[in-house]
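> Sequence first, then the predicted structure, then my questions.
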Amino acid sequence: MERSRVLLEAARIIREQREEIATLETINNGKSIFEARVDIDISWQCLEYYAGLAGSLAGEHIQLPGGSFGYTRREPLGVCAGIGAWNYPFQVACWKAAPALACGNAMVFKPSPFTPLTVVRLAEIFTEAGVPKGLFNVVQGGAATGQFLCHHPDVAKISFTGSVPTGIKIMGMAAKGIKPVTLELGGKSPLIIFSDCALENAVNGALMANFLTQGEVCCNGTRVFVERKILDVFTKEVVKRTQKIKIGDPLLEDTRMGALINRPHLDRVQGFIKQAKEQGAEVLCGGDLYVPDDPKLKNGYYMQPCVLGNCTDDMTCVKEEIFGPVMSILPFDTEEEVVERANNTKFGLAGGVFTRDIQKAHRVVAALKAGMCFINNYNISPVELPFGGYKASGFGRENGRAAMEYYSQLKTVCVEMGDVESVF
Ligand SMILES: NC(=O)c1ccc[n+]([C@@H]2O[C@H](COP(=O)([O-])OP(=O)(O)OC[C@H]3O[C@@H](n4cnc5c(N)ncnc54)[C@H](O)[C@@H]3O)[C@@H](O)[C@H]2O)c1
Ligand SMILES: O=CCc1c[nH]cn1
């Protein structure tokens, strides 16, 4: 309950400073202030949620023959290292810190060197809220700092959010120290639009699945499978809406798409579009750099959100995570076919389905090999729901009750009430 009170106080401070933290996050990452506010809201909700769970940590009593019994204790792991990606800097830190602290651990958090700012603010807030000195710590740096944390003998657990190649290295380092890991990695998730969907919702869902945070979202539904009967009408509407997305200064109220994280990443995203064209995809809209009118912003890393048509499953843009505002549209004819194609990927982070047929919706999500599935919506993040991947998208879960399992360990105590019977 003491931990709970501190987390609630931290959540209150975040709520109170929402505007300031959101502005800092926009400067940190380049996402629109509109979205940064949502990120901050999800962050304080996460702290409140784990504040609620902190007092519920409990083991169980197990009766044994002859009056003997056993019980289990759920204990903290110790010092947990959190290593974060740059797309949701404050939120990723909260998703890791809240369950870690609720379970009684300490955390050393390393943000991405591209977004060093807001997690420092989080550390200040924790201190102000009453988190004891040294319990939540921030270290800045890149790969070398991350490696140091992973190898450090006092680090008991590593929770990593980032790319698959780095995740493989993290798992290797953790293996050397026999440390548990949570890996929240990349994806290439399918979004399946059946012809019996509510079209406007499906179009909204496809935009939400692709263009939040400049498309730099791990669980994005970038492979948009559309039943052929509605391909033209759906595509036309998606293109029309995509062209209307307001790009530019992320601190302006009406901006909905800000700047990508850095020049090399922008070049990489553009490279995927160039390659898609070479492989036969058709750019239905966007894909070019965007130069805002404001001369201060003319060297910013802006691009027009892109919709690709005429895509096939073997194209690089359909197989690889682009992590930018690029949607690939793929027609399909039958449920059986689309499920097989949707699952034909090394990733398994998320998936979505739009249909009015409730049986079909549940049948399809049950068949999807993905950790986070949406029916008739996409990319909403209620903190009550566990989040994490299948296959190369990682393992372990953040959010929900499930995360408590990943920040605690179970001790079993066996209690003898009779005499010891020796076999010797
Ligand atoms: N599943 C999720 O919840 C989730 C959420 C956000 C982002 N992501 C994924 O993150 C990727 C984009 O983020 P990124 O470019 O920051 O990823 P990244 O793997 O390059 O870096 C992530 C973090 O790991 C650190 N790092 C890099 N090399 C390291 C090493 N050898 N040892 C230890 N730490 C190291 C970085 O400094 C950074 O803090 C995408 O693939 C995206 O899908 C996943
Ligand atoms: O980027 C992937 C989803 C997410 C949102 N916040 C943390 N992870």
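All right, it came through fine. Residues are numbered from 1 along each chain as shown. Ligands and ions are numbered 1, 2, ... in the order given.
> Model confidence score at residue 215, please.
At residue 215, the model reports a pLDDT of 98.
> distance of the closest residue to ligand 2 within the stretch 201-350 of the chain from ligand 1?
Across the stretch 201-350 of the chain, the shortest distance to ligand 2 (Cβ to the nearest ligand atom) belongs to residue 218, at 3.4 Å. Where C-beta positions appear, they are placed from N, C-alpha and C, glycine not excepted. Per Cβ to the nearest ligand atom, to the nearest Å, residue 218 is found 3 Å from ligand 1.
> Hmm, that residue is touching residue 167, no?
No. Contact criterion Cβ atoms under 8 Å: residue 218 and residue 167 do not qualify, at 11.2 Å.
> where do the contact lists of these two overlap?
Listed as contacting both residue 218 and residue 167 by Cβ atoms under 8 Å, 6 or more residues apart in numbering are residue 185.
> what sits against residue 361?
353, 355, 375-376.
> Just give me the neighbour total for the closest residue to it other than its chain neighbours.
Nearest non-adjacent residue to residue 361, counting by Cβ to Cβ, 6 or more residues apart in numbering: residue 375, 4.7 Å away. Around residue 375 sit 16 other residues, with neighbours defined as other Cβ atoms under 10 Å.
> One more: residue 295?
Other residues within reach of residue 295, judged by other Cβ under 10 Å, total 8.
> please renumber so the chain begins at 27
Got it, first residue is 27 now, which makes that one residue 321.
> related to what we said a few turns ago, pairing partners for the residue nearest to residue 387 in the sheet, please.
With DSSP bridges as the criterion, residue 401 is bridged to residue 379.
> hey, which helix is longest across this structure?
helix 59-80 (DSSP state H).
> So residue 137 is in contact with residue 148, correct?
No. Using Cβ under 8 Å, residue 137 is not in contact with residue 148, being 9.6 Å away.
> how close does the residue of the stretch 227-376 of the chain closest to ligand 2 get to residue 200?
20 Å (Cβ to Cβ, to the nearest Å).
> Name the helix or strand for the residue of the chain found nearest ligand 1, please.
Closest approach of the chain to ligand 1 (Cβ to the nearest ligand atom) occurs at residue 172, with a separation of 2.2 Å. Assessed by DSSP states H and E, residue 172 sits inside helix 169-177.
> Assign a three-state SS to residue 377, would you?
strand (DSSP: H, G, I helix; E, B strand; the rest coil).
> what about the closest residue to residue 105 other than its chain neighbours, neighbour count?
Closest residue in space to residue 105, ignoring its immediate chain neighbours: residue 132 at 4.8 Å, by Cβ to Cβ, 6+ apart. Residues near residue 132, counting by other Cβ under 10 Å, number 20.
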